[in-house]
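Q: Sequence first, then the predicted structure, then my questions.
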Amino acid sequence: MLIQILVTGAVLLFVIPNLFSSYKKGNLTLLGFLTWSFFWTVGLLVIWIEDLIGVIGHFLGVTRSIDALIYLSIVFLLYSYINQKIKINEINREITQLTRKLALKDLDKVEKREDERK
Amino acid sequence: MKTDKKIYIVLPAFGEEKIIKSVIEDIKNQGYRNIIVVDDGSKDHTHLKAKETGIIVAQHVINRGKGAATQTGIDAALLLGAEIVVTMDSDGQHNPKEIEKLIEPLINDKVDVVIGSRMLNGKEMPKARKFMNVMANIITYVFFGIYVSDSQSGFRAYTRNALKGVTTHLDRYEFESEMLGHIKKQRIKEVPIKVIYSDHSYNKYKGIKNFSPQGLLNGIAMVVRLIENSLFK
């Protein structure tokens, strides 16, 4: 019971307000805010209603409820990984483009000098 | 070799302050005046040493990898009106006397790209290094559909036309393979080159002469990045 109260308190006092403030600051889209809020709400429901994971497992055709939880976690982790990977790749590419642009910035001067030399 | 064509030599460099000047002077001694060094965010004085020789120096403010630096150098050369672009390593591994071998087929308009291959005359190359190169060639073929004898060679020469519209995205050593993928429909020739395994280059790439766990890990990392690139373009 104690762990259930602690986790619920942490989610309600820190996680959800943090998500809301991220959304307000524009660091999180509305869809992102709703998705994460849904995820945490489901997490809380699973903690408090012990049979819920069994119901989900039965719905998905998994006999052991813990298997359903593991499968769902894997899908979620994979989704998060791919999402983050795409973002990191995008940022990496932009950093390289910016670095290269800065490096080529002074080339105009060189070009003019070359023209003058001719 | 006498030609009216505007030839640019591109040297991507990272942490080469000890050797960059002599590499540039050696190239100059072969009669090439248009040299571009791209300092890839070195922590030492590579760009200052290069500047002292009076050549063109572009500087990456942070390290982005050999591929990114080479692409910057190629872009710079094309902006300055290069008709032929030669890329080579800046650690003294490539012999400037062999530049002529690379550009001759381009000047005679026989081909569009010439690759300096360490494998065509690879008697001196250690077997472990040969094995790693063959693996890299196979990987290049799998991901980019082109097989050459030395897919990782950075000693290459391109005509302006061959590079037109080519933009690479891979920043690190996979660049050489990606570039091959872009130019695979061009007329390509491979010429044998000799690599100078100096103390400097050996100390820099420890284990390049022989098989090493680090070399293997680098190879695995390269494959992972290529797989990621094909999945998350």
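A: The structure has been received and is ready for your questions.

Q: mind checking which helix or strand the one residue in chain A that gets nearest to chain B is in?
A: Nearest residue of chain A to chain B: A:Ala103, at 4.2 Å (CB to the nearest CB). Backbone N, C-alpha and C define where each C-beta goes, glycine included. A:Ala103 is part of helix A:65-105, with elements assigned from DSSP states H and E.

Q: That helix - contacts with which helices or strands?
A: The elements that helix A:65-105 packs onto, with contact taken as 3 or more CB pairs under 8 Å, 6 or more residues apart in numbering or on different chains; DSSP states H and E, are helix A:52-60, strand B:56-60, helix B:66-79.

Q: quick one: average confidence on it?
A: Mean pLDDT, helix A:65-105: 85.

Q: quick one: that helix to chain centroid distance?
A: Remark: helix A:65-105 is offset 9 Å from the chain centroid, using CA atoms, centre = their mean, to the nearest Å.

Q: now stretch A:61-80
A: Distance, centroid of stretch A:61-80 to centroid of chain: 18 Å (CA atoms, centre = their mean).

Q: Other residues contacting stretch B:160-180?
A: Outside stretch B:160-180, the residues within contact range by CB atoms under 8 Å, 6 or more residues apart in numbering or on different chains are A:92-93, A:96, B:64-68, B:70-71, B:74, B:78, B:82-85, B:112-113, B:136, B:139-140, B:143-144, B:146, B:148, B:151-154, B:156, B:182-183, B:186, B:218, B:222, B:225-226, B:229, B:233.

Q: What about the residues you listed, which are in helices?
A: Judged by DSSP state H, helices contain the following of these: A:92-93, A:96, B:66-68, B:70-71, B:74, B:78, B:136, B:139-140, B:143-144, B:182-183, B:218, B:222, B:225-226, B:229.

Q: Select only the buried ones of those in PyMOL?
A: Here is the PyMOL selection string for the buried members of the ones in helices among the contacts of stretch B:160-180, based on 16 or more other CB atoms under 10 Å in any protein chain shown:
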select buried, (chain A and resi 96) or (chain B and resi 66+67+68+70+71+74+78+136+139+140+143+144+182+183+218+222+226)
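
Q: State the mean pLDDT of the helix or strand hosting B:Ile220.
A: If you go by DSSP H and E, B:Ile220 is part of helix B:213-231. Taken as a whole, helix B:213-231 has an average pLDDT of 77.

Q: And that helix, what's buried?
A: Residues of helix B:213-231 classed as buried: B:Gly215, B:Asn218, B:Met222, B:Val223, B:Leu226 (neighbour count, 16+ other CB under 10 Å).

Q: Give me the residue at the spatial middle of chain B.
A: When CA atoms, centre = their mean is applied to chain B, the residue found nearest the centroid is B:Gly154 (2.2 Å).

Q: How about chain A?
A: Geometric centre of chain A, nearest residue: A:Ser80, 5.5 Å, by CA atoms, centre = their mean.

Q: List the residues that contact B:Thr3.
A: B:Ile103, B:Ile107.

Q: So what does it have for phi and psi?
A: Backbone geometry at B:Thr3, expressed as degrees, to the nearest 10, gives phi -160, psi 150.

Q: any idea of the pLDDT on it?
A: 80.

Q: again with B:Ser117
A: Confidence score, pLDDT, at B:Ser117: 94.

Q: surely it meets B:Ile188?
A: No: using CB atoms under 8 Å, B:Ser117 makes no contact with B:Ile188, being 10.9 Å away.

Q: Mutual contacts of these two, please.
A: Here B:Ser117 and B:Ile188 share the contacting residues B:Val148, scored by CB under 8 Å, 6+ apart.

Q: Nearest residue to the one residue in chain B that gets nearest to chain A in space, please, no chain neighbours.
A: Closest contact between chain B and chain A, by CB to the nearest CB, is at B:Ala58 (4.2 Å). Leaving aside its sequence neighbours, B:Ala58 sits nearest to A:Ala103 (CB to CB, 6 or more residues apart in numbering or on different chains; 4.2 Å).

Q: how close does the one you found get to B:Gln71?
A: 10 Å (CB to CB, to the nearest Å).

Q: can you check A:Leu45 too?
A: Taken as CB to CB, the span from A:Leu45 to B:Gln71 is 51 Å.

Q: Give me the helix or strand of chain B that scores worst on average pLDDT.
A: The weakest-scoring helix or strand in chain B, judged by mean pLDDT, DSSP states H and E, is helix B:199-204 (a mean of 62).

Q: need the strands for chain B, in chain order.
A: B:7-13, B:35-40, B:56-60, B:84-87, B:113-117, B:156-159, B:188-192 (DSSP state E).

Q: Which of these has the highest mean neighbour count?
A: Using mean count of other CB atoms under 10 Å in any protein chain shown, the stretch among the strands of chain B with the largest mean neighbour count is strand B:35-40, at a mean of 29.

Q: Residues contacting that strand, please?
A: With CB under 8 Å, 6+ apart as the test, strand B:35-40 has contacts from A:103, B:8-14, B:20, B:24, B:27-28, B:46-47, B:50, B:53, B:55-60, B:63-66, B:68-70, B:72-73, B:76-77, B:80, B:90.

Q: Send me that strand as PDB with only the CA atoms.
A: The C-alpha coordinates for strand B:35-40 follow below in PDB (Å, rounded to 0.1, in the frame of the first residue of the first chain):
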ATOM      1  CA  ILE B  35      44.700  23.600 -51.500                       C
ATOM      2  CA  ILE B  36      41.800  23.700 -49.000                       C
ATOM      3  CA  VAL B  37      42.300  22.400 -45.400                       C
ATOM      4  CA  VAL B  38      39.100  21.900 -43.400                       C
ATOM      5  CA  ASP B  39      40.000  21.900 -39.800                       C
ATOM      6  CA  ASP B  40      37.300  19.700 -38.200                       C
END
